[in-house]
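J.: Sequence unavailable; structure follows:
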């Protein structure tokens with residue numbers, strides 16, 4: 001009937017494996033590829049898919065979102081919303097956002113369950129840029145957000161979190177951020 005079914009070619013989960021979201025009658029609806037980050041990336045519509053849950057009676061629950069630029073841009077939008085260089089004001093903003101159950105982008109990773117090693121490199125670069133540019137507030141805000149999210153949620157930053165500060169301090173406009 002009208003439901004959707006997931007078909008994984010060759011029953012593999014290797015990077016690049018084609019995955020099809022099809023109508024259960026067999027007509028193809030959309031095709032995805034498993035990315036190196038473990039996301040299903042739409043071949044046709046530039047969408048990423050994550051399986052939010054699954055059970056035998058109702059099947060898979062999928063989250064679908066635009067792939068490119070999303071994480072870095074969302075991190076920068078969050079840092080811009082904080083709109084204060086006062087550490088206490090910034091920390092309270094983060095606590096309030098978490099209290100409202102808002103998702104703060106740039107945290108957690110399905111492969112790295114501890115600190116993403118790429119985020120460590122970018123954090124060091126962001127700290128260096130903060131000392132040599134007049135845009136250091138982005139690193140300082142990022143540092144506060146990282147500490148509060150870890151304290152409250154136990155989540156580590158991923159590669160996209162500090163990439164946003166680095167990009168901004170290098171003068172790259174937010175609308176040009178991409179996922180790398």
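T.: Alright, I've got the coordinates. Keep in mind it's a predicted model, so treat the numbers as computed, not measured.

J.: shaky segments in the protein?
T.: Within the chain, the stretches with pLDDT under 70 are 1-69, 178-180.

J.: Next, the contact list for residue 156, please.
T.: By CB atoms under 8 Å, 6 or more residues apart in numbering, the contact list for residue 156 reads 107-109, 112, 114-116, 119, 150. C-beta coordinates here come from the backbone N, C-alpha and C atoms, glycine included.

J.: likewise residue 95?
T.: 148, 152.

J.: Mind listing what's buried along the helix or strand where it lies?
T.: Here residue 95 sits within helix 87-99, counting by DSSP states H and E. Going by neighbour count (16 or more other CB atoms under 10 Å), the buried part of helix 87-99 is 90-91, 93-94, 97-98.

J.: on that earlier part again, buried subset of the contacts of residue 156?
T.: For the contacts of residue 156, a burial check counting by 16+ other CB under 10 Å picks out 107-109, 116, 119.

J.: Next, format these as CSV and append distance to residue 78 and secondary structure.
T.: Shown next, in CSV, are the buried ones among the contacts of residue 156 (distance: CB to CB, whole Å; DSSP: H, G, I helix; E, B strand; the rest coil):
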residue, distance to residue 78, secondary structure
107, 11, strand
108, 15, coil
109, 17, coil
116, 18, coil
119, 16, helix
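
J.: Most widely separated two among these?
T.: 108 and 119 (11.1 Å; CB to CB).

J.: residue ranges for the strands of this protein, please.
T.: 4-8, 18-23, 28-34, 40-42, 47-55, 59-66 (DSSP state E).

J.: now the end-to-end length of stretch 164-177.
T.: Stretch 164-177 has an end-to-end distance of 8 Å (CA to CA, to the nearest Å).
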